[in-house]
Every structure is written in structure tokens, then in C-alpha cells.
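Asks: next comes the sequence, and after it the predicted model I'd like to discuss.
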Amino acid sequence: MKIKVLVLFMSIFLTTIFEVKAQESTAVLLEKAQLKAKKEGKSIFIKFEASWCGWCHKMTKDMKAESTKKFFENNYVTVPVVVNESQKNKNLENPGSTELLKKYKGDKAGLPFWLILNSDLEVITDSFDSNGQNLGGPGSLKEVNEFIKKLKKASTNFTKKDEVSIIEQFVMK
């Protein structure tokens, strides 16, 4: 009986530790991404997101779809950064996410906000369109075409097939 109580207590204790564990800081995320990007010759795609953000979920789904996943994996080290969570979900945020979002002027842009950096952490492009509006998770053909222009600037190999796949996946029907 004592062993059962001890095992139960240890299980509860370990579960609590893992639930309380904080997310990685943005500094750690960027450091890891930079090392990987340099090693693999890729750019860094940072996507600011939140659990409550439907457009964030759509963009993640579109980037991980069977037709587009290979393009994003071959060209970018993708770094999701959780920010702007509700009070009950603050534990999901990456420490430093608010400051990083402000640094790139995404704090008033809405979510998702994204940017693409080179392996020296210099901005190649961001989610602001030519009018200074946040493309966010592009859904219209116009938004997706602007997104494609930005992806072309930041990828080593962008093919017509990639363009068609991105249009077909991202444009809302």
C-alpha cells in the first residue's frame, strides 16, 4: 500500500513539474534557429502566434500541408513564437516574445505576424504589405501573391510548382 501511495505521489509531482515548466525563451529559440540556419543554409521564418488565433492555426496548417511542407522545410528554419496569450494561458508564451514582437514593429499588427531573417538574424522581409498592413495568414489571392513575392526574396530555390502549391493551399475557397 505504501508503494502505491508513493508511486501516486511521485506521478502527481512529476506531472506538476512538467506542466509548470516554462516555454523556451525567444533568445534560446533564436540561438538554436540561427545555428541550424547557418549549418543548413536556410533562412529563419519566425511566426508570432497565440492559441486563441484562428488565422495562426490556419497558417500553421497551410505551411504544414502535404503540398507545401517540403518547400517550407527545405528553405526555412521555422520558429513559432507564442505571444499575446489570455491571462489563463500566459504560461504558453515564450519569455521575451512581447519584446521581440515590438522590436520588429509587429505589436500593433495583429496575429499572426511573421518575418524572415537570414542566418545573421537580419530581416529579409516581414508580413507588412506594400501599404504597411499586416498580411498575417494570407487567405485572398492578392494576399497570397504578395506572400509569394516575399517568400521568393527569402528562399534559395523557388519553383513554379512551389508557387502553384502555395496558391492552392493558402487561398481560401
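Replies: Yep, that arrived. Fair warning: this is a prediction, and the values are worked out from it, not measured in the lab.

Asks: point out where this structure drops to low pLDDT.
Replies: 1-22 (pLDDT under 70).

Asks: how about the strands in it?
Replies: Using DSSP state E, the strands assigned to the chain run over residues 43-49, 76-82, 113-117, 123-126.

Asks: can I get those strands in CSV including mean neighbour count and distance to Leu141?
Replies: C-betas here are computed from N, CA, C, even on glycine. Formatted as CSV, those follow (neighbours: other CB atoms under 10 Å; distance: least, CB to CB, whole Å):
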stretch, mean neighbour count, distance to Leu141
strand 43-49, 24, 21
strand 76-82, 21, 23
strand 113-117, 25, 19
strand 123-126, 16, 19
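
Asks: distance to Lys70 added to these, as TSV?
Replies: Listed next are these as TSV, based on distance: least, CB to CB, whole Å:
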stretch	distance to Lys70
strand 43-49	14
strand 76-82	11
strand 113-117	17
strand 123-126	20
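
Asks: between those, which gets nearest to Met63?
Replies: Evaluated over the strands of the chain, closeness to Met63 peaks at strand 76-82, with 7.1 Å, by CB to CB.

Asks: and the angle for that closest one with strand 43-49?
Replies: The directions of strand 76-82 and strand 43-49 differ by 20 degrees, with axes from the mean of the first three to the mean of the last three CA atoms, to 10 degrees as the criterion.

Asks: what is strand 76-82 packed up against?
Replies: helix 26-40, strand 43-49, helix 97-103 (3 or more CB pairs under 8 Å, 6 or more residues apart in numbering; DSSP states H and E).

Asks: at 6 Å what do you get?
Replies: Strand 76-82 sits against helix 26-40, strand 43-49, with contacts defined as 3 or more CB pairs under 6 Å, 6 or more residues apart in numbering; DSSP states H and E.

Asks: what's in contact with it?
Replies: Applying CB atoms under 6 Å, 6 or more residues apart in numbering, the contact partners of strand 76-82 are 26, 29, 33, 36-37, 42-49, 92-94, 97.

Asks: okay, now the sheet partners of it, with direction.
Replies: Take DSSP bridges as the rule and strand 76-82 pairs in its sheet with strand 43-49 (parallel).

Asks: the partner strand vs helix 26-40, what angle?
Replies: Strand 43-49 and helix 26-40 are oriented at 150 degrees to each other (the same axes, to 10 degrees).
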